[in-house]
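Engineer: Have a look; sequence and predicted model below, questions after that.
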Amino acid sequence: MINQTPTPADVLGVPLVCSTRGGVVENVHAGHAAVVSASGELLAEAGDASIWTYMRSTAKPVQALPAVMGGVAEAFGLGDDAIALMCASHQGAPAHVEALERMLALTGVREEQLVFAPQLPANREARDELLRRGGGPRKLYHVCAGKHIGMLALCKLRGWPMETYAEPEHPLQREVLRTVAALADLEPDAVGCAVDGCGLPVFALPLWRLALIYARFAAWDAAAGPGGATGASPAGAERAGG
């Protein structure tokens, strides 16, 4: 069970970057940082590498793994542009929307099946041009649209219910949680969970565990895929109660 009651100092961390104006320090940006190897060794830290954090959009590549490794691209003829949109936020530029519309056409997923509300493009030029043309919000403009289409395509491929795909107990989200936990060398019930802004489960874990996930992405062979490292916990890197 996660039992964390951080103080303001815990959250603020340590000074990481200072910006100056005319030779005078104007802003100080504080935070935490962790450098971790794919084998789970904490190589360097600033602040507290064990502080808990939500993954938010940094989870997107991990959330896309079940669909990518489950054969969604091959089954529906999706290209690299679709995989990129499954793994990242987009800005609603014309090229992004065109690629998302191709994803819908190829997978048979319908735009109205995406659980979040319609939005305007995040890209200012695209948004202004849309409004000049008399256009309005739509779900494909949401920054997470690619991720959701990929998840729904996997549900379609596996025969899972599509209307409840965002629920934490849905088979899709259970598989995503297992993937996150395996890459972070954690048991699934040791990963925190809440609701993200796009309606999907959002995961919390110690910062150094998030760094471990990305180290394994960068050195997939060394990590031997999810759960491939030794599972060692760096000394002092786990917060009590985590």
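Structural biologist: Everything's here; your move.

Engineer: mind checking pLDDT for Pro201?
Structural biologist: According to the predicted model, the pLDDT of Pro201 comes to 97.

Engineer: from now on call the first residue 60
Structural biologist: In the new count, where the first residue is 60, that last one comes out as Pro260.

Engineer: Now it: phi and psi?
Structural biologist: Dihedral pair for Pro260: phi -60, psi 140, per degrees, to the nearest 10.

Engineer: Could you measure from it over to Ala164?
Structural biologist: Pro260 sits 28 Å away from Ala164 when distances are taken as CB to CB, to the nearest Å. Just so you know, the C-beta spots here come from the backbone N, C-alpha and C atoms, and that holds for glycine as well.

Engineer: cool, and Ile272?
Structural biologist: Remark: distance between Ile272 and Ala164 (CB to CB) = 32 Å.

Engineer: and the two? which has more neighbours close in?
Structural biologist: Ranked by neighbour count (other CB atoms under 10 Å), Ile272 and Ala164 place Ile272 first, with 24 against 10.

Engineer: Just to check, the more buried one is in contact with Ala243?
Structural biologist: Yes: Ile272 sits in contact with Ala243 when judged by CB atoms under 8 Å, with a separation of 5.5 Å.

Engineer: Checking the residue most central in space within the chain next. Helix, strand or coil?
Structural biologist: When CA atoms, centre = their mean is applied to the chain, the residue found nearest the centroid is Ala118 (1.9 Å). Counting by DSSP: H, G, I helix; E, B strand; the rest coil, the backbone at Ala118 sits in helix.

Engineer: which other residues reach the strand or helix carrying Ile142?
Structural biologist: Assessed by DSSP states H and E, Ile142 sits inside helix 139-146. In this structure, residues lying in contact with helix 139-146 by CB atoms under 8 Å, 6 or more residues apart in numbering are 119-120, 123, 126-127, 132, 155, 158-159, 161-162, 165, 204-206, 208-209.

Engineer: Averaged pLDDT, it. What do you get?
Structural biologist: Mean pLDDT, taken over the full extent of helix 139-146, equals 97.

Engineer: which one is Glu222 nearest to, not counting chain neighbours?
Structural biologist: Gln172 (7.5 Å; CB to CB, 6 or more residues apart in numbering).

Engineer: Is it correct that that neighbour is in contact with Pro220?
Structural biologist: No: distance between Gln172 and Pro220: 11.2 Å, which falls outside the contact criterion (CB under 8 Å).

Engineer: Let me see the ranges of the helices in this structure.
Structural biologist: 67-71, 119-128, 131-135, 139-146, 153-166, 183-191, 204-217, 230-242, 266-277, 279-282 (DSSP state H).

Engineer: In contact with the residue lying closest to Asp255 once chain neighbours are set aside, which residues are there?
Structural biologist: Once flanking residues are discounted, Asp255 sits nearest to Val261: 3.6 Å by CB to CB, 6+ apart. Neighbouring residues of Val261 by CB under 8 Å, 6+ apart: Tyr113, Met114, Arg115, Ala118, Cys252, Ala253, Val254, Asp255.

Engineer: same deal with Gln122?
Structural biologist: The contact partners of Gln122, by CB under 8 Å, 6+ apart, come to Lys206, Met210, Val235, Thr238, Leu259.
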